[in-house]
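>>> my questions are about this predicted structure, shown below with the sequence.
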Amino acid sequence: MIEYKNGIFLLRSENISLLLRVSPQGLLEQLHFGAPVDIEDAQAFALQPGIGWGSMVLLEEGKTESCPDVVGLAWSGSGRGDYRESPLELSGVSTDLRYQSHRILDAMPPAASGLPLAAGEGQILEITLAQPGLQLQLYFRILGDVLLRRAVVSNTGDGTVRLGKIMSMMMDLPGSYEMTTFDGSWIAEMRKHTVPVLDSRVVNESVTGFSSHRHNPGFLLSMPGAGEDHGRVYGFNLIYSGNHYAAAQRSFQGLTRVMQGISPAEFSRELQPGESFETPEAVMTFSDRGFGGVSEQMHHFVNHHIIPAYWQGRMRPVLYNDWEGCMFDFNQHRLLGLAKKARELGCELFVLDDGWFGNRNSDTAGLGDYTVNKKKLPGGLRGLSDRIHALGMEFGLWFEPESVNMDSDLYRAHPDWALTDQFQPLLSRHQLLLDLTKPQVRDYIVENVSAILDSAGISYVKWDMNRHSIALGAKAHDYILGLYEVLRRIFDPRPQILLESCASGGNRFDLGMLCFSPQIWCSDDTDPVERVTIQENLSYLYPQSTFGAHVSAAPHAQTLRSTPLTTRGNVSFFGVLGYELDLNHLLPVEEKEIKTQTALYKRWRKAFQFGTFRRLENGWQVSDGRVTVAGIFHGQRSAAPGYEYLRVKALEPGKRYTLHSREQTLRVGQFGSLVKHVAPVELNPNGIVLRTADRFVTLPDGVQTCTASGNALMAGIPLLPAFRGTGYDKNQRTQLDFGSNLYIIEEETKHE
Ligand code: GLA
């Protein structure tokens, strides 16, 4: 809903509102962004600078409230009285944009640049600010409980305008905050860091050419003391996949200026008379229900306004990916063996990863070539996919279309298509990026990928990208626009293809990519202990339907850690489940466990993928209608653990529920020589008998069932005791290090 009265604008949803006012001098003031308020509250929110502070530059002599430096603004100029950070920089020229006009629109003007915008109906507020030779259109809208903002700057003069920086949004928020960012690296994505925002600027920025695993564009600002379920928290994100920038800084007067947009570091643009530049759309929300409230609102927004329409709420298949099992070493026979096994274990989609084309037998060659390797796949992709389909599975394929190896036919034919600078090419994973700012490069990718998709009954694509950019400079933004064009041309006509984006894992986990790909491969690190951190931190801003989450082998390739197969499953359930290991190496007990996992996941798939996700003290829960599934995850066990509780959220207080634990089992082999305490005969822990028994025999573990009211379950119920050096008992949780449990809580059905 948008209201306008006497120079005051109100945008409001159920949980948030934005109150703006045009000052007598034409500044765009932000009176409030946060809980829903009324347009009549404007006067109460207006700041009172009183007699002012020293060194003030006034727009109107004698009026302290005309000092742009001390009022809360929704956009600011530079060099004209507001000496806080400006969202707009023109090389060497100050800016002083004042209100010119506004319109309330029924539909968002499409982005001429091709930048993806959130989809959704509703009114849009367009406010035009202007100064001689320059016009700025600011767009505001609310979708769900999320505010969206973008800016379009136009050269209305007759000279060239040199744009050095333009943010998508800027706002001043009263008070002091802490800023939480999500930083990392390859196989260590989404490390959460929180720092106070005081008088020095705190910046969250990526300059690798992509949104990057170094600094995810999403961030949070929280009032000190805010917690998971209480306190005031703001969440921010950007619908963009390239270099980004966000900054927060408290002013002397106690207003915190926040802005977000394309990073100015590698950005410059010349606007000729009549030309415009448009920013990506920035996304922000507020909750006084703590971090959990922000996450819930962001999840809803992503699931309903970002994910491509065809895939909104549509169940995703359980997939098997051959990469970690085979790497480059496969042929049709091996793949079909794996597919058959994957099918038996409950997988629904078989994904052939890297290595199917050109001379791609390692990561040193072949990228850029699309000819199928007939030695590995004599019947071509069609031959393989027909057989996969005959097994009753869907077929999916890996591509890395943005890159090229120098040892490839493509590079030999078109060395100038690679993105290089004036120096020797710098390789990363033996590859260069293709220059997606060139139309012929985009055509090459679109034509080749499309032809392959249409040739072989492919219903899923993993779109990989495995390096940072090289010296993109001013091209950085055009590269991203080129990428969006390519994705649109390939996938708009084929909406039913499920696209999973990947960039060495989570090097491009952002809302821009999610506009095309409903899910993203979170990390090449599938160790469940690490994944608890990665998925939990992603969950602050992204819903679990966007997490590609796979069970892989133990010891794990990246950490050498051995973890229980149950935990690998339990963690991956809270995302889009897949398997990525050599299935031929599984023991019968492991096969049985995986069958149980896929069956359980499918039974509760809707809750796992699209249910309301909440972080708990010791794990996560998802709720959908009458069911809540909670997972709790443990680190290293101690010798004498105390009580542990399960405290779930958002049940109906007075309703009765049944709780039952997922059936988990223990392998006898894990007890080693301790088996002698329970076995009637002495057994050698390394002997054939125990080794054989370990392949087939399991013991039930931690079976817990109870009924309780919603209030009791939210107050917290004690879980079965954990192993305390006391021996085996099926009524305890005999867990190893990194064990976990899963509980299914359903509304009790009354039997008459
Ligand atoms: C990247 C991806 C992996 C896999 C390999 C293939 O590392 O993140 O999942 O696809 O490339 O080369």
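Alright, I've got the coordinates.

>>> so how far is the ligand from Gly7?
52 Å (CB to the nearest ligand atom, to the nearest Å). In short, each C-beta sits where N, CA and C put it, glycine included.

>>> quick one, helices of the stretch 601-750 of the chain?
Taking DSSP state H, counting those that start in this stretch, the helices of the stretch 601-750 of the chain run over residues 605-610, 688-696, 710-715.

>>> so where do the helices sit in the stretch 401-550 of the chain?
409-413, 439-455, 475-491, 511-514, 528-538.

>>> contacts for the fourth one?
Contacts with helix 511-514, where a contact means CB atoms under 8 Å, 6 or more residues apart in numbering, come from 115-116, 211, 217, 237-242, 280, 283, 302, 306-307, 480, 484, 501, 520, 542, 546.

>>> mind redoing it with 7 Å?
116, 237-241, 283, 302, 306-307, 501, 520, 546 (CB atoms under 7 Å, 6 or more residues apart in numbering).

>>> wait, does it contact the ligand?
No: residues of helix 511-514 are not located near the ligand by CB under 6 Å from any ligand atom, the shortest gap being 13.8 Å.

>>> for whatever residue of the chain ends up closest to the ligand, give its distance to Lys376.
Nearest residue of the chain to the ligand: Asp354, at 3.5 Å (CB to the nearest ligand atom). To Lys376, Asp354 is 12 Å away according to CB to CB, to the nearest Å.

>>> what parts of this structure come near the ligand?
Residues of the chain lying near the ligand (CB under 6 Å from any ligand atom): 323, 353-354, 363, 398, 464, 466, 502, 504-505, 521, 524.

>>> identify the farthest-apart pair in those residues.
Asp363 and Trp521 (16.6 Å; CB to CB).

>>> please say which of these two ends up with more neighbours.
Taking neighbours as other CB atoms under 10 Å, Asp363 and Trp521 compare with Trp521 leading, 28 against 17.

>>> correct me, but that one touches Gly505?
Yes: the criterion here is CB atoms under 7 Å, and Trp521 meets it with Gly505 at 5.9 Å.

>>> which residues touch Thr658?
Per CB under 7 Å, 6+ apart, neighbours of Thr658: 707, 746, 748.

>>> for it, give the beta-bridge partners.
Thr707, Glu746 (DSSP bridges).

>>> tell me which other helices or strands the longest strand along the chain touches.
For the chain, the strand with the greatest residue count under DSSP state E is strand 161-174. Contacts defined by 3 or more CB pairs under 7 Å, 6 or more residues apart in numbering; DSSP states H and E place strand 161-174 against strand 28-34, strand 88-90, strand 146-155, strand 255-262, strand 269-271.

>>> so how far is the helix or strand just after that strand off the chain centroid?
Downstream of strand 161-174, the next assigned helix or strand under DSSP states H and E is strand 177-185. With CA atoms, centre = their mean, to the nearest Å as the basis, strand 177-185 stands 14 Å off its chain's centre.

>>> how many other residues sit next to Lys132?
Just to correct that, residue 132 is Pro rather than Lys. 7.

>>> how about the helices in the stretch 251-400 of the chain?
Under DSSP H, counting those that start in this stretch, the stretch 251-400 of the chain gives helices at 290-301, 323-326, 332-345, 380-390.

>>> could you dump those helices to TSV with mean neighbour count and mean pLDDT?
Below are the helices of the stretch 251-400 of the chain laid out as TSV (neighbours: other CB atoms under 10 Å; pLDDT from 0 to 100):
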stretch	mean neighbour count	mean pLDDT
helix 290-301	23	98
helix 323-326	20	97
helix 332-345	18	98
helix 380-390	18	98
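
>>> got CSV for these, with distance to Pro224 too?
Below are those laid out as CSV (distance: least, CB to CB, whole Å):
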stretch, distance to Pro224
helix 290-301, 13
helix 323-326, 43
helix 332-345, 49
helix 380-390, 54
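
>>> one step back: most surrounded residue in the contacts of helix 511-514?
Ser241 (32 neighbours).

>>> end to end on stretch 707-726, go ahead and measure it.
28 Å (CA to CA, to the nearest Å).

>>> sorry, back to before: most widely separated two among the contacts of helix 511-514?
It's Val283 and Ser501 that sit farthest apart of these, by CB to CB, at 18.2 Å.

>>> any idea what sits nearest Arg561, other than its immediate chain neighbours?
Nearest-residue entry for Arg561: Asp527, 5.6 Å, with adjacent residues in sequence omitted and distances by CB to CB, 6 or more residues apart in numbering.

>>> kindly report the same for Arg382.
Arg382 sits nearest to Ala456 (CB to CB, 6+ apart), 4.8 Å away.

>>> and the one you found, what is it in contact with?
Contacts of Ala456 by CB under 7 Å, 6+ apart are 381-382, 385.

>>> please, where are all the strands along the stretch 551-700 of the chain?
576-579, 612-615, 619-624, 627-633, 645-646, 656-661, 664-667, 698-701 (DSSP state E, counting those that start in this stretch).

>>> mean neighbour count, those: which tops it?
strand 576-579 (a mean of 27; mean count of other CB atoms under 10 Å).

>>> got a list of contacts for that one?
Outside strand 576-579, the residues touching it (CB under 7 Å, 6+ apart) are 316, 318-321, 342, 347, 519, 545, 547-551, 594, 601, 609.

>>> now with 6 Å?
316, 318-321, 519, 548, 550-551, 601 (CB atoms under 6 Å, 6 or more residues apart in numbering).

>>> can you put those in TSV and add neighbour count and pLDDT?
Formatted as TSV, these follow (neighbours: other CB under 10 Å; pLDDT from 0 to 100):
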residue	neighbour count	pLDDT
Arg316	24	98
Val318	21	98
Leu319	25	98
Tyr320	27	98
Asn321	28	98
Gln519	27	98
Gly548	26	98
His550	23	98
Val551	26	98
Tyr601	19	98
